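**Student:** Structure, please.
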Amino acid sequence: MTKFIFVTGGVVSSLGKGLTSASIGMLLERRGLCVRMQKLDPYINVDPGTMSPYQHGEVYVLDDGSETDLDLGHYERFTNSPLTRDSNYTTGQIYQAVINKERRGEFLGKTVQVIPHVTDEIKSVIRKLAADDVDVVITEIGGTVGDIESLPFLEAIRQLALDLGKENCLYIHLTLVPYLKAAGELKTKPTQHSVGQLRQIGIQPDVLICRTDRELPLAERQKIALFCNVPVEAVIEERDKDFSIYEVPLSLMNNRLDELIIRKLRLEGVGPLQLDDWKELLHVLRNPEHEISVAVVGKYAEHRDAYKSIYEALDHAGIAHRAQVRVQRIQSEQVEHQGAERLLAGFDGVLVPGGFGERGIEGKVQAIRFAREREIPFLGICLGMQCAVIEFARHVAGLAGAHSTEFDKDTPHPVICLLDEQKQITDKGGTMRLGAQPCVLQPGTRAWEAYGQALIHERHRHRYEFNNAYRQQLAEHGLVISGTSPDGRLVEIVELAKHPWFVAVQFHPEFKSKPTAAHPLFRDFIGAAIQRRRAPGELAASEA
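**Tutor:** Predicted structure coming up:
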């Protein structure tokens, strides 16, 4: 029978429930168990697709096209759990489903209420992940205990212990134990209050994971255990990780959390923990052989979570080359006002990520021109690819005023536009391309060299496309179309042959990168940046 783990958070937000949940999933997987991951978000939006990155960070896209919470990125990077649209639900989706059932008459005229109808819907989406071959389902409850919007979710997971049997459910509560400098001591009262709120709802946590910036002494753990009604061994210290988030699984392992979970849930067929490759990647992170700098020029650069997966993918590529990648986040609007020369000189690589809206577009175009003319390794992603096409059309092909119809409907050269089914330019009816789609690569190109195969599948999230009416003209000036849809209609990858490394893609490769398996494009981008940084003597020695 499938077991269920529920992860909640208390005291404050942003404690790292997503990282903790992903780390727990990883530890159980590395002991031979089959795990499924899920995030339930209490906000009323139907999905994060229309939310500002400043509000909620990046939108993480799955293979099936679902627009989900960024925590699902942690799940995929730490585990092998297959994620689908059933892996992320919001209050908006739950209520929408309940209202649709009421409209169809499925409740037979009953008064529709939070209990049992909303809570039953929540329980159904949790149980949907259970299967004969699934050992554990880990469900993270978004928000903070005490928030009014999360109450239906907490009530639902309380009921599940009655439905399934307490021996099949485990509650893990993540809290904060702050240190008061004036008093010179750690304070356990916030944790006690948070657990008290859970207990009022009817949930007794089985495990407490305590975030702290310093060691949690035994005396404090005993105090927490006594007042929160949990065994001392189930009070887990989770100290802040200044070095890398990839230390979290090892920290939990050192506290024997995996053994505690296995014992409490009576899980069978469990093997020894296999973490050799994870320990090796941490060793590489601590002992890099190279150091390079990369400028990420984006619209939302000041908000780190807006490009969370990109920064992680750069780290993964650094691990693959035993290099430390120092990332400088640069707002594209700053490039417009201060100039690319002033802001980008000295970097070993330039990356322009995706985004929506006109703000900062010209700064991205300037950054791309700087990377092209100075022969700095460049990677463009989604809108970054479209800006690369615009820049090339303007400054190499001589198409003055070239632009995207997203930003200039009257541009004389709409090199980026919406395409209808008759392959004609249109400004109406565009639909977003979402999820994994196939791409055929051209032999002998940078893209082919990176992937080492002809057919790939990558995840998309965009509406506007390369205008095929300009394909031949741009190709004649040196733009290489190195990847297209299988029917050849959609341009997926462009690159420059006469450049050390200049590749721009319509999709989002960062979503398929893992710390133990860097994405091929990020890997080769960082490899090119390292080559650029090396002194001539060092390069000659390495080739010899």
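**Student:** State the distance from residue 441 to residue 382.
**Tutor:** 18 Å (Cβ to Cβ, to the nearest Å). The C-beta positions use only the backbone N, C-alpha and C, and glycine is treated the same way.
**Student:** Make sure residue 433 is actually in contact with residue 461.
**Tutor:** Yes - look at residue 433 against residue 461 with Cβ atoms under 8 Å: they come within range, at 7.4 Å.
**Student:** Which residues are in contact with each of these two?
**Tutor:** Counting by Cβ atoms under 8 Å, 6 or more residues apart in numbering, residue 433 and residue 461 have no contacts in common.
**Student:** Give me the more crowded residue out of these two.
**Tutor:** Neighbours around residue 433 and residue 461, counted as other Cβ atoms under 10 Å, are more numerous at residue 461. The numbers are 21 against 18.
**Student:** Report the beta-bridge partner residues of the more buried one.
**Tutor:** residue 434 (DSSP bridges).
**Student:** show me the residues around it that make contact.
**Tutor:** Going by Cβ under 8 Å, 6+ apart, residue 461 touches 59, 61, 67, 354, 382, 432-434, 508.
**Student:** if we go to 7 Å?
**Tutor:** Each residue near residue 461 by Cβ atoms under 7 Å, 6 or more residues apart in numbering is listed here: 59, 61, 382, 432, 434, 508.
**Student:** Can you report how many residues neighbour the third one?
**Tutor:** Here the count is done by other Cβ under 10 Å, and residue 382 has 23 residues near it.
**Student:** Once you drop chain neighbours, what's closest to it?
**Tutor:** Using Cβ to Cβ, 6 or more residues apart in numbering and skipping the chain neighbours, the partner closest in space to residue 382 is residue 354 (3.2 Å).
**Student:** quick one on the thing from earlier: are any of the contacts of residue 461 buried, and which?
**Tutor:** Among these, those buried by neighbour count (16 or more other Cβ atoms under 10 Å) are 59, 61, 382, 434, 508.
**Student:** any idea how far residue 175 is from the second one?
**Tutor:** Meaning residue 61. Applying Cβ to Cβ to residue 61 and residue 175 gives a distance of 32 Å.
**Student:** And for the fourth one?
**Tutor:** Summarising the geometry, the distance separating residue 434 from residue 175, computed by Cβ to Cβ, is 36 Å.
**Student:** How about residue 195: what's its closest non-neighbour residue?
**Tutor:** Nearest residue to residue 195 in three dimensions, chain neighbours excluded: residue 228, at 4.3 Å (Cβ to Cβ, 6+ apart).
**Student:** For the one you found, grab phi and psi.
**Tutor:** Main-chain dihedrals, residue 228, degrees, to the nearest 10: phi -110, psi 0.
**Student:** That one against residue 210, yeah?
**Tutor:** No - taking contacts as Cβ atoms under 7 Å, residue 228 lies outside contact range of residue 210: 10.1 Å.
**Student:** Between those two, which contacts overlap?
**Tutor:** Applying Cβ under 7 Å, 6+ apart, one finds that residue 228 and residue 210 are jointly contacted by residue 191.
**Student:** Need the three-state assignment for the residue of the chain positioned farthest from its centre.
**Tutor:** Here the chain reaches farthest from its C-alpha mean at residue 109, the gap being 42.4 Å by Cα atoms, centre = their mean. Under DSSP: H, G, I helix; E, B strand; the rest coil, the three-state class of residue 109 is coil.
**Student:** Check what pLDDT it gets.
**Tutor:** We note a pLDDT of 90 for residue 109 in this prediction.
**Student:** what do you get for the one 10 residues further on?
**Tutor:** At residue 119, the predicted lDDT confidence score is 97.
**Student:** OK, contacts around it?
**Tutor:** Neighbour list for residue 119: 152, 155-156, 159 [criterion: Cβ under 7 Å, 6+ apart].
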